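Enquirer: sequence first, then the predicted structure:
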Amino acid sequence: FIDKWLGIVLLLITVIIGMTNETIQIKYKEFYQNAWHQPDIHANNPINNNSVFERRLMWSNSIQLISEHPLLGSGLNNWKIEQAKFGIGGNPYLNTGMERFEHPHNEYLSIASEIGLIGFFVFLVLTVFVLRWRHRHDSIISIVQFSASKSAILAMLILCFFSYPIHRELTMMMASVHIVTLTQGRIISRNLRLKKKYLRSIGLTAVLMTILIYTLRLRSDYFLGQGIAAQLNRKVDKAKRNYLEANTIFFPLDDKGTPLEWFYGNELFRSGDLSGACLQLEVGRQKNPYHSRLLNDLGTVYDQRGISDSAISCYRLALKCCPGMIETKFNLTATLYNSGKLLDAYYSLSSINLPEKVDYLTKARYKQFCKVILIDIVKSDTTLYENLQLKIKQQSKVDDFVMGCFKRGESPGDLINSIKGKTAQ
């Protein structure tokens, strides 16, 4: 009875402290105002550059992933790969395609999406089993210890709604101590036939295997960091060696789901080895088929090698995963135009929505694309183009006139009608 009320008091104190914290109040207000709206991944709004928007985006993708694999889930550690196919974007940084989420910042959604609703139900049963464990107390110290451990587990379960404590090594070590305190060793049956030495051997083997795997992963992580540093310093050969050393069976992807072949393939591309880059990026695509940057770069390699259809396919899949990637839209527009698909190139150009603050080179590139594609659209109507040339003598003025008639999102027919209307004036 005493430990029950002591746990309730400790939980209330935790809630009160949380409610009076100014930072938590601001986050709660932001979340409440936007929780009922589907995050717009096609937007390019700096206001969305906050953790509340990103959590809503990750949770929305998680729910879609759960609905796709409801019973058994998408597989352990597959969330960071699979969720990207539902789209990432909404602010200038996310629209670069560089951000890769590693966790939905909600352990319950993570469990349900990776091991399914069956696994989620097992997790809940085990949690309730630990929290409802009964224990006879022989002193006031035992009561306080028991209540403190239960409160710690409850606090971790509350934190699981907004973060990922189960994936933190230190947090899980502390949680294990509290669970042992709550269960007090009663889980092991007296009739267990295995001898203690066998249990110790199994436990020691598991610990040694874990240490070995973590050591190999840390080694790969070290070489990956060295490769990135060498690449930034333009030491091509050193970067290649480090990327090859980092790529092992225990470290096929980095912590955010990027295949190591992407790093190595980009280095090969920069050194002019298109065939090697293509091979590495294709292997990387098999490991993570929804990595928007990898798809964009693979499309570029295909385009450079003259495989236009494969390049267009990669660009379109990249835009499905990250609809706001302006660089990929430019690449797709150029490939469509060079393949003779003028109308498709026009619609791709029309979908580019430059942000208010954009660098000079991007603006110049957009203007050049407009000039080439729009003039070719107008040239498809021979009479209209001849009339324009008669009315406007200089070619540069014709280009400016056509670009002035262009409105983002309109059809080619609307563009030509608009030019005809202004030419007739």
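Expert: Arrived safely, thanks for sending. Quick caveat, the model's predicted, so the values are computed rather than measured. Numbering: from 1, shown residues only.

Enquirer: report the secondary structure state of M98.
Expert: Under the three-state scheme (DSSP: H, G, I helix; E, B strand; the rest coil), M98 adopts coil.

Enquirer: next, the contact list for it, please.
Expert: R293 (CB atoms under 8 Å, 6 or more residues apart in numbering). For the C-beta atoms, the positions are set from N, CA and C on the backbone; glycine is no exception.

Enquirer: what's the separation between it and P92?
Expert: 11 Å (CB to CB, to the nearest Å).

Enquirer: and the residue lying closest to Q304 once chain neighbours are set aside, what is it in contact with?
Expert: Spatial nearest neighbour of Q304, chain neighbours left out: L274 (5.7 Å); criterion: CB to CB, 6 or more residues apart in numbering. By CB under 8 Å, 6+ apart, the residues touching L274 are V301, Q304, R305.

Enquirer: hang on, L216 packs against F250?
Expert: Yes - here L216 lies in contact with F250, judged by CB atoms under 8 Å, at a distance of 4.6 Å.

Enquirer: ok so, going back, selecting buried members of the contacts of L274 in PyMOL, what would you type?
Expert: Buried members of the contacts of L274, defined by 16 or more other CB atoms under 10 Å, are picked up in PyMOL with:
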select buried, resi 301
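
Enquirer: with distance to Q368, pLDDT and secondary structure added, can I get the contacts of L274 in a markdown table?
Expert: Below are the contacts of L274 laid out as a markdown table (distance: CB to CB, whole Å; pLDDT from 0 to 100; DSSP: H, G, I helix; E, B strand; the rest coil):
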| residue | distance to Q368 | pLDDT | secondary structure |
| --- | --- | --- | --- |
| V301 | 23 | 97 | helix |
| Q304 | 19 | 95 | helix |
| R305 | 24 | 95 | coil |
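
Enquirer: that's a helix at T205, yeah?
Expert: Yes - with three-state DSSP as the criterion, T205 is located in a helix.

Enquirer: low-confidence stretches in the stretch 101-250 of the chain?
Expert: The stretch 101-250 of the chain contains residues with pLDDT under 70 at 134-139, 141, 183-197, 199.

Enquirer: which residues of it fall in helices?
Expert: Listed in chain order, the helices found in the stretch 101-250 of the chain under DSSP state H, counting those that start in this stretch are 107-131, 140-159, 169-183, 196-232, 236-246.

Enquirer: which stretches of the protein form strands?
Expert: Taking DSSP state E, the chain contains no strands at all.

Enquirer: any figure for the gap between G299 and V372?
Expert: Using CB to CB, G299 is found at 20 Å from V372.

Enquirer: have a look at those two and say which one is more surrounded.
Expert: G299 (26 against 16; other CB atoms under 10 Å).

Enquirer: contact partners for the more buried one?
Expert: S310, A311, I312, S313, C314, Y315, A318, T328, N331, L332, T335.

Enquirer: which of the residues you listed sit farthest apart?
Expert: For the contacts of G299, the farthest-apart pair by CB to CB is S310 and T328; their separation is 14.6 Å.

Enquirer: of the two, who's got more company?
Expert: T328 (27 against 17).

Enquirer: my read: the more buried one touches A311, true?
Expert: No - T328 is beyond contact range of A311, at 10.8 Å (criterion: CB under 8 Å).

Enquirer: so for stretch 245-252, what gets flagged as buried?
Expert: Buried residues in stretch 245-252 (16+ other CB under 10 Å): A246, N247, F251.

Enquirer: dump the residue contacts of the second one.
Expert: Looking back up the chat, that one is N247. Here N247 is in contact with S220, L260, E261, Y264 (CB under 8 Å, 6+ apart).

Enquirer: can I get the residues you listed in TSV including neighbour count and distance to D344?
Expert: Converted to TSV, the contacts of N247 look like this (neighbours: other CB atoms under 10 Å; distance: CB to CB, whole Å):
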residue	neighbour count	distance to D344
S220	20	42
L260	24	34
E261	25	30
Y264	25	33
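
Enquirer: tally up the residues packed near the residue nearest to L336 when sequence neighbours are not counted, please.
Expert: Among residues not flanking L336 along the chain, A345 sits closest, at 3.9 Å (CB to CB, 6+ apart). By the measure other CB under 10 Å, the count of residues near A345 is 23.

Enquirer: same thing with the one 3 residues further on?
Expert: If you count neighbours by other CB under 10 Å, S348 ends up with 26.

Enquirer: rewinding a little: pLDDT score for the residue nearest to Q304?
Expert: What the model reports as pLDDT for L274 is 95.

Enquirer: any idea how far it is from P289?
Expert: In this view, L274 and P289 are 21 Å apart by CB to CB.

Enquirer: then L319?
Expert: 14 Å.

Enquirer: looking at these two, which is more packed in?
Expert: Comparing L319 with P289 by other CB under 10 Å, the one with more neighbours is L319, at 23 against 15.

Enquirer: the nearest residue to that one once chain neighbours are set aside: what's it in contact with?
Expert: Spatial nearest neighbour of L319, excluding adjacent residues (CB to CB, 6+ apart): T328 at 5.6 Å. By CB under 8 Å, 6+ apart, the contact set of T328 is G97, S292, N296, G299, Y315, A318, L319, C322.
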